[in-house]
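Trainee: no sequence for this one, just the structure:
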């Protein structure tokens, strides 16, 4: 594909959004995202490789697992394993920049704590937090694209709030009803930044790539009253996993649930109402971005990718937010791609894919040099045939911990999910017979053959992708260090 025929690329990423909030799967109303679903391809079984912000975003950029890109847990946390991508890590935006694309970035940046978007190919940025704004070269961000200068940002009042308290913590708001001008909200500010960026990028004939990263609907869920009033808590369906007894599961499940205190049905329904309302409010701002794309006259030549970094429990199994929890609410994500004339409208793929497949896919579609050591795979074959049979329906997920380290690996197939827990018993769920993941069947005699097969599959995938906890003995040097795939020696324990 030549530069003259290459499409623009618009990537919209949300934060902590459940897979069920789009495509009419829940009570959440997201009509603007539905426009993308109606006009493109919905990946029905998409997963994040890690249900944590920083690793998930680093893997999106590099198409590679933690041990290949350098981001293992939360980079802003003091016990972070590594606060930056490895020096030699290559990202797909860098490949696009090398190919002549003009690059823009709006919103949340969480893939490194030591370098910002301009270190990875992006020329124009907007809406960054003060920490990353301080890293920008002169002129990279206009004054109107600074949140501190946004009018109306201080005009909100909290109508009501639900506060939780972890053992030893101060009370914190998990959700709240807010009142104030919608144009003054942070998500509206980012949508405005994206509109200005679209105008700027589309004013020239060269192709562009724009990423818009909304930090919502991440907790605390703070919808405006006009959105919340559309969701009655009493009408919210209780998650089927609410009464999970955690029998036969690792002890951490019960401990996690108990950490949140006495969570009753009314609390979960109230949380869902706030969360779904927050999603609808976000959808309104996503609609602004899509409308501005149409107004530029470039929608027909733009590949739009919509996804999130990971999900949120929102009361399922009486838990909240994300992290080590291996459940679908955390790991399964919304993923939609629309490209007029190239992707069949209203198509659905049942094949298993991951968010770190996006980079390899874009580079493949555009005919650009692939990432040097990508673990993700191109989804181009599924864009042509969403249900193709010659697709390996398996994904490997890896978790090192958030602030505290925790070893976990997971393999998911079309029917089963196997979870290796480094500090407790393993888990296996039959996602077809038990979609709410209530019953751990790993030790059941009637599932022993499947469990053995899943263990072998997990081990194979770990070795295939160079997982340091695998058995790729040839990759280790005699001095106890292992060179990562970019050539820099790093100590990685076996």
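Mentor: Nice, I can see it. The shown structure was predicted, so the numbers you read here are calculated from the model rather than taken from an experiment. Residues are numbered from 1 along each chain as shown.
Trainee: Can you check the distance spanned by stretch 5-25, start to finish?
Mentor: Stretch 5-25 has an end-to-end distance of 36 Å (C-alpha to C-alpha, to the nearest Å).
Trainee: shouldn't residue 307 be in contact with residue 336?
Mentor: Yes. Assessed by C-beta atoms under 8 Å, residue 307 is found in contact with residue 336 at 7.5 Å. Glycine gets a C-beta too; all of them are placed from N, C-alpha and C.
Trainee: Mind naming the longest helix for this structure?
Mentor: helix 265-295 (DSSP state H).
Trainee: Flag every buried residue along that one.
Mentor: Using 16 or more other C-beta atoms under 10 Å as the test for burial, helix 265-295 gives 267-290, 292-293.
Trainee: what about residue 307 and residue 336, which has more around it?
Mentor: residue 336 (24 against 21; other C-beta atoms under 10 Å).
Trainee: what sits against that one?
Mentor: By C-beta atoms under 8 Å, 6 or more residues apart in numbering, the contact list for residue 336 reads 22, 33, 36, 37, 40, 41, 42, 43, 304, 305, 306, 307.
Trainee: Tally up the residues packed near the fifth one, please.
Mentor: The local packing of residue 40 (other C-beta under 10 Å) involves 23 other residues.
Trainee: what's the closest non-adjacent residue to it?
Mentor: In space, and not counting its chain neighbours, residue 40 is closest to residue 338: 3.0 Å by C-beta to C-beta, 6 or more residues apart in numbering.
Trainee: The one you found and residue 304, how far apart?
Mentor: Distance of residue 338 to residue 304, computed by C-beta to C-beta, to the nearest Å: 5 Å.
Trainee: Could you do residue 331 as well?
Mentor: Counting by C-beta to C-beta, the gap from residue 331 to residue 304 is 23 Å.
Trainee: on that earlier part again, name the residues contacting each of residue 338 and residue 304.
Mentor: Common contacts of residue 338 and residue 304, defined by C-beta under 8 Å, 6+ apart, comprise 36, 40.
Trainee: I'd like to know how far the nearest residue to residue 70 once chain neighbours are set aside sits from residue 363.
Mentor: Of all residues not flanking residue 70 in the chain, residue 86 sits nearest, at 3.7 Å (C-beta to C-beta, 6+ apart). Distance of residue 86 to residue 363, given as C-beta to C-beta: 19 Å.
Trainee: okay but residue 410 is in contact with residue 396, surely?
Mentor: Yes. Between residue 410 and residue 396 there is a contact under C-beta under 8 Å: 7.3 Å.
Trainee: More neighbours: the two, which one.
Mentor: A side-by-side neighbour count of residue 410 and residue 396, using other C-beta under 10 Å, places residue 410 first with 24 against 21.
Trainee: what's in contact with the one helix or strand the more buried one maps to?
Mentor: Assigned by DSSP states H and E, residue 410 belongs to strand 405-413. Strand 405-413 has contacts (C-beta under 8 Å, 6+ apart) with 47, 73, 79, 81, 324, 326, 331, 352, 393-401, 417-423, 431, 454, 457-458, 461-462, 467, 469.
Trainee: Tell me which of those fall in strands.
Mentor: Among the contacts of strand 405-413, the members falling in strands are 47, 352, 394-401, 417-421 (criterion: DSSP state E).
Trainee: out of those residues, which one sits closest to residue 164?
Mentor: residue 401 (21.2 Å; C-beta to C-beta).
Trainee: Contacts only, for that closest one.
Mentor: 73, 324, 407.
Trainee: Hmm, residue 399 and the second one touching each other?
Mentor: What that stands for is residue 324. Yes. With contacts counted by C-beta under 8 Å, residue 324 reaches residue 399, the gap being 5.8 Å.
Trainee: Quick check: neighbours shared by those two?
Mentor: 51, 406, 408.
Trainee: As a markdown table, those residues with pLDDT and neighbour count would be great.
Mentor: Listed next are these as a markdown table, based on pLDDT from 0 to 100; neighbours: other C-beta atoms under 10 Å:
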| residue | pLDDT | neighbour count |
| --- | --- | --- |
| 51 | 97 | 31 |
| 406 | 87 | 17 |
| 408 | 96 | 25 |
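Trainee: between these, which is nearest residue 357?
Mentor: Out of those, the member with the shortest distance to residue 357 (by C-beta to C-beta) is residue 51, at 16.6 Å.
Trainee: In this protein, where is pLDDT below threshold?
Mentor: 1-4, 472-494 (pLDDT under 70).
Trainee: how about 80 then?
Mentor: Along the chain, the model assigns pLDDT under 80 to residues 1-4, 78-79, 403, 471-494.
Trainee: Give the closest residue to the residue sitting nearest the centre point of it in space, chain neighbours not counted.
Mentor: Among the residues of the chain, the one closest to the centroid is residue 309, at 0.9 Å (C-alpha atoms, centre = their mean). Residue nearest to residue 309 in three dimensions, not counting chain neighbours: residue 56, with 4.1 Å by C-beta to C-beta, 6+ apart.
Trainee: Report the distance from the helix or strand containing the one you found to the chain centre.
Mentor: Assigned by DSSP H and E, residue 56 belongs to helix 53-62. Offset of helix 53-62 from its chain centre (C-alpha atoms, centre = their mean, to the nearest Å): 8 Å.
Trainee: what does stretch 231-247 give?
Mentor: Taking mean C-alpha positions (C-alpha atoms, centre = their mean), stretch 231-247 and its chain are 24 Å apart.
Trainee: residues making contact with that stretch?
Mentor: Counting by C-beta under 8 Å, 6+ apart, 27, 253-254, 257, 265-266, 268-270, 272-274, 276-277, 314-318, 327, 329, 435-438 sit against stretch 231-247.
Trainee: if you set the cut-off to 6 Å instead, what comes out?
Mentor: For stretch 231-247, contacts defined as C-beta atoms under 6 Å, 6 or more residues apart in numbering pick out 253-254, 265, 269-270, 272-273, 276-277, 315-317, 436, 438.
Trainee: Just the terminal-to-terminal distance for that stretch.
Mentor: Stretch 231-247: ends 33 Å apart by C-alpha to C-alpha.
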